[in-house]
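A.B. asks: sequence plus the predicted model coming up.
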Amino acid sequence: MERVIELEIGGMTCASCASRIEKKLNRLDGVTATVNYATEKARATVPAALTARDLIEVVEKTGYTAAEPTPEPAQRADPRDPLRDRLLISLALSIPVVVLAMVPAWQFTYWQWLSLVLAAPVVVYGGWPFHRAAFVNLRHGAATMDTLVSIGTLAAFGWSLWALFLGDAGLPGMTHPFSLTARDGDAIYLEAAAGVTTFLLAGRYLEARAKRRAGDALRSLLELGAKSVTVLWEGAEREIPAADLRVDDVFLVRPGEKVGTDGVVVDGVSALDQSLLTGESVPVEVRPGDQVTGATVNAGGRLTVRATRVGADTQLAQMAKLVEEAQTGKAAVQRLADRIAAVFVPVVIALAIATLGFWLGTGGGATAAFTAAVAVLIIACPCALGLATPTALLVGTGRGAQLGILIRGVEALESTRKADTIVLDKTGTVTTGRMSLVAAVAGDPDDLLRLAGAVEAASEHPLGRAITATARENGELPPVTDFHATAGVGVRGRVEGALVEIAAGRPDEQQMTGATVPLFEVKTAKVTADAATWVEVRVDGVPRGWLALADAVRPSSAPAIAALRRLGLEPMLVTGDAPAVAEAVAAEVGITQVYAGVLPAGKVDVVKRLQSEGRAVAMVGDGVNDAAALAQADLGLAMGAGTDVAIQASDLTLVRDDLTAAVDAVRLSRRTLAIIRGNLFWAFAYNVAALPLAAAGLLNPMIAGAAMALSSIFVVLNSLRLRTFKAA
């Protein structure tokens with residue numbers, strides 16, 4: 001039996017490190033591992049015989065550290081300590097060295113020796129992280145980005161020492177002009193050694209800060225939950241940490257407090273602000289029997305809630321888990337980049353040696369040969385390649401979580417680009433999934449609804465609850481006595497001395513003519529006898545009117561479906577309901593292709609049939625009966641209010657109970673994928689363009705170092721643009 005093990009990895013400095021660890025882990029029998037440089041985590045599917053300790057030993061033998069994640073998400077170490085101090089010291093020492101090298105008029109007698117004094121601490125102390133990592137990797141027979149940086153800066157520093165102590169560069173009055181390319185004679189490259197080290201430290205510091213910002217959304221999501229909660233034990237109130245809550249504990253939620261965990265309302269009526277969790281700004285009314293989600297804010301009255309899920313089982317915890325899993329994934333194009341990065345460093349070292357040999361062999365001179373070789377080493381570091389996907393995923397999935405969209409992995413992003421057809425379940429997806437009153441036929445509809453609502457207040461039937469909920473919107477209801485319910489027939493009771501009877505029935509056309517008084521705007525298109533459930537209301541045996549109830553269409557469904565069309569997706573409706581009901585709903589929301597009377601297995605057949613026609617199918621559903629179709633579809637989107645089975649079978653989970661979330665999910669996924677592809681293009685283009693220039697001796701090593709650092713920063717900043725993504 002296979003299981004998943006997650007590890008926190010330490011000591012990685014570039015994409016090559018992640019690739020090495022991943023390769024070592026995947027050599028274990030039965031292990032499939034992914035190592036993410038940006039999140040500094042490894043995720044491995046392993047056979048039951050292997051333990052986390054076995055994986056940790058492999059990582060440690062590779063030259064890195066590993067540990068199992070702590071129960072509470074650890075706050076990422078502050079990138080300012082000690083990296084910030086190392087950077088500031090290096091920057092202060094490097095500036096005079098670079099300025100003296102760039103401005104010949106300021107090169108006073110023995111300026112070169114002052115440059116040496118200032119540059120030495122930068123190369124040794126500032127560059128220590130690169131040298132140490134290069135040495136550790138060398139011990140394990142590997143080469144990474146740090147190898148290139150270490151060799152390049154030490155070579156520039158060593159060449160300068162040779163020129164100063166054994167050549168003519170240390171003589172009084174020595175000067176040389178600043179050049180973007182090579183220098184002639186006994187040149188020194190102290191500004192290159194110090195400048196490259198400082199540039200790369202700055203790049204790594206900014207990269208660490210940007211990665212931290214990229215993960216802010218997940219950290220803020222994890223911190224949304226209530227820290228403490230007031231429980232009711234044996235009639236007494238007691239405040240405990242929210243983490244100590246157990247299933248079936250009863251707790252209080254006062255106005256302004258967060259709901260401690262997922263549960264069901266036992267007592268009280270209020271409105272919950274779910275904006276922090278779902279991105280939906282409109283508060284949701286809850287009353288006894290309604291489900292509530294942990295971390296939502298009580299915006300109204302006092303609630304008593306019974307816990308149904310705690311700890312890792314809560315919706316908030318599951319959201320965080322889905323986001324974190326998505327952030328460890330890799331796009332197919334990134335996997336190609338990783339394979340290239342794994343062999344890139346040895347190839348670059350070979351190219352640097354070849355460049356050195358070519359310049360020496362063609363009589364270009366030792367100085368020019370050295371300059372070109374060092375520039376090749378420094379400019380070719382594949383940092384940008386390694387950061388292209390992880391940083392965009394970090395930001396994109398984090399922003400999605402803030403908007404109530406959970407992206408399961410990179411494959412989901414790629415599927416949104418390919419999808420051309422979207423199949424929508426009706427109940428709970430296009431419609432609310434709850435019966436509501438849509439029309440009334442009566443001489444006095446307000447009085448009819450008041451009497452019917454009073455009787456149905458004692459009923460648990462969904463139709464009765466819908467009638468009562470609407471009636472209560474108009475004011476308090478009178479009490480009912482002598483209540484009696486007959487299964488399959490209806491209910492009756494006395495209200496204000498009158499016997500009120502409610503039973504299934506429908507008015508004929510003659511009765512409806514001239515008697516229809518709309519109670520409020522009809523929420524479904526053309527409420528017909530087949531598209532709605534009708535009940536007859538009698539008072540003291542005399543018919544007083546009829547009420548029509550239906551599964552109301554969500555107000556956002558029609559605009560959302562129009563937006564899906566604009567994204568290039570052809571919408572189709574699939575439902576187990578009768579054709580008349582399905583056609584009525586489809587007509588209201590603007591869908592022309594309908595599959596009605598479809599059983600759960602039939603939904604899978606519909607998806608398969610569309611796929612056999614060459615379509616890439618997305619499926620949106622919320623129930624157990626949708627799970628198989630969600631799994632079969634090329635892209636499955638589960639409504640967050642749906643069942644766990646549906647959510648587990650999907651690629652995207654829409655926490656917002658709103659079809660416009662599907663539009664946002666597709667838009668965000670496509671934009672994230674576009675950012676990833678853009679990052680990879682520019683990372684490849686940078687290396688393709690820069691390497692020939694370096695090999696041709698057209699780049700000073702210091703300029704090469706600056707360009708390399710800026711390429712990584714560009715990739716990260718480009719990814720951070722996803723933080724500005726706006727919901728439709």
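C.D. replies: Looks like it arrived, so ask away.
A.B. asks: now do the contacts for Val253.
C.D. replies: Val259, Gly260, Ser270, Val292, Asn298, Arg302, Leu303, Thr304, Val305 (CB atoms under 8 Å, 6 or more residues apart in numbering). Quick note: C-beta positions are derived from backbone N, CA and C, even for glycine.
A.B. asks: list the contacts for the second one?
C.D. replies: Right, the one you point to is Gly260. Ala226, Val229, Ala242, Leu245, Phe251, Val253, Gly294, Val305, Ala307.
A.B. asks: show me the residues you listed that map onto helices.
C.D. replies: Within the contacts of Gly260, no residue falls in helices by DSSP state H.
A.B. asks: now those residues as a markdown table including distance to Leu567?
C.D. replies: Below are the contacts of Gly260 laid out as a markdown table (distance: CB to CB, whole Å):
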| residue | distance to Leu567 |
| --- | --- |
| Ala226 | 37 |
| Val229 | 42 |
| Ala242 | 40 |
| Leu245 | 42 |
| Phe251 | 43 |
| Val253 | 39 |
| Gly294 | 33 |
| Val305 | 39 |
| Ala307 | 40 |
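A.B. asks: go through these and flag which are in strands.
C.D. replies: Val229, Phe251, Val253, Val305, Ala307 (DSSP state E).
A.B. asks: for the third one, name its beta-bridge partners.
C.D. replies: Listed beta-bridge partners, Val253: Leu303 (assigned using DSSP bridges).
A.B. asks: could you do the last one as well?
C.D. replies: Partner residues in beta bridges with Ala307: Gly263, with DSSP bridges as the criterion.
A.B. asks: next, count neighbours for it.
C.D. replies: 22 (other CB atoms under 10 Å).
A.B. asks: and if you look at the one 10 residues further on?
C.D. replies: Counted with other CB under 10 Å, the neighbours of Ala317 add up to 20.
A.B. asks: could you look up the SS state of the closest residue to Gly475 other than its chain neighbours?
C.D. replies: Excluding its sequence neighbours, the residue lying closest to Gly475 (CB to CB, 6 or more residues apart in numbering) is Arg450, at 7.8 Å. Look at Arg450: counting by DSSP: H, G, I helix; E, B strand; the rest coil, its state is helix.
A.B. asks: quick one on the thing from earlier: can you pick the most crowded of the contacts of Val253?
C.D. replies: Most surrounded of the contacts of Val253: other CB under 10 Å gives Gly260, at 30 neighbours.
A.B. asks: measure it to Arg254 for me?
C.D. replies: Using CB to CB, to the nearest Å, Gly260 is found at 11 Å from Arg254.
A.B. asks: just say helix, strand or coil for Pro69.
C.D. replies: coil.
A.B. asks: so which helix or strand takes in the closest residue to Ile240 other than its chain neighbours?
C.D. replies: Closest residue to Ile240 apart from its sequence neighbours, by CB to CB, 6+ apart: Val231 at 5.8 Å. Val231 belongs to strand 228-233 when assigned by DSSP states H and E.
A.B. asks: give the pairing partners of that strand; include direction for each.
C.D. replies: Strand 228-233 is paired, per DSSP bridges, with strand 236-241 (antiparallel), strand 250-253 (antiparallel).
A.B. asks: name the residues that touch the first one?
C.D. replies: Residues from elsewhere that reach strand 236-241 (CB under 8 Å, 6+ apart): Lys227, Ser228, Val229, Thr230, Val231, Leu232, Leu252.
A.B. asks: got the buried residues for it?
C.D. replies: Of the residues in strand 236-241, none has enough neighbours to count as buried (16 or more other CB atoms under 10 Å).
A.B. asks: who touches stretch 117-124?
C.D. replies: Contacts of stretch 117-124 (CB under 8 Å, 6+ apart): 89-90, 93-94, 96-97, 131, 153-154, 157, 160, 190-191, 193-194, 197-198.
A.B. asks: where's it relative to the chain centroid, distance-wise?
C.D. replies: What separates the centre of stretch 117-124 from the centre of its chain is 43 Å, taken as CA atoms, centre = their mean, to the nearest Å.
A.B. asks: let's see the helix or strand that contains Arg399 as PDB, backbone CA atoms only.
C.D. replies: According to DSSP H and E, Arg399 maps onto helix 383-402. Output of helix 383-402 as PDB, limited to C-alpha atoms (Å, rounded to 0.1, in the frame of the first residue of the first chain):
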ATOM      1  CA  CYS A 383      18.400  30.200 -11.300                       C
ATOM      2  CA  ALA A 384      15.700  31.700 -13.400                       C
ATOM      3  CA  LEU A 385      14.800  28.400 -14.900                       C
ATOM      4  CA  GLY A 386      14.300  26.800 -11.500                       C
ATOM      5  CA  LEU A 387      12.200  29.700 -10.300                       C
ATOM      6  CA  ALA A 388       9.900  30.000 -13.300                       C
ATOM      7  CA  THR A 389       7.200  27.600 -12.300                       C
ATOM      8  CA  PRO A 390       7.300  27.500  -8.400                       C
ATOM      9  CA  THR A 391       7.100  31.200  -7.900                       C
ATOM     10  CA  ALA A 392       4.100  31.600 -10.300                       C
ATOM     11  CA  LEU A 393       2.400  28.600  -8.600                       C
ATOM     12  CA  LEU A 394       3.000  30.000  -5.200                       C
ATOM     13  CA  VAL A 395       1.400  33.300  -6.100                       C
ATOM     14  CA  GLY A 396      -1.400  31.900  -8.300                       C
ATOM     15  CA  THR A 397      -2.600  29.200  -5.900                       C
ATOM     16  CA  GLY A 398      -2.300  31.600  -3.000                       C
ATOM     17  CA  ARG A 399      -4.400  34.300  -4.800                       C
ATOM     18  CA  GLY A 400      -6.900  31.600  -5.700                       C
ATOM     19  CA  ALA A 401      -7.300  30.600  -2.100                       C
ATOM     20  CA  GLN A 402      -8.000  34.200  -1.200                       C
END
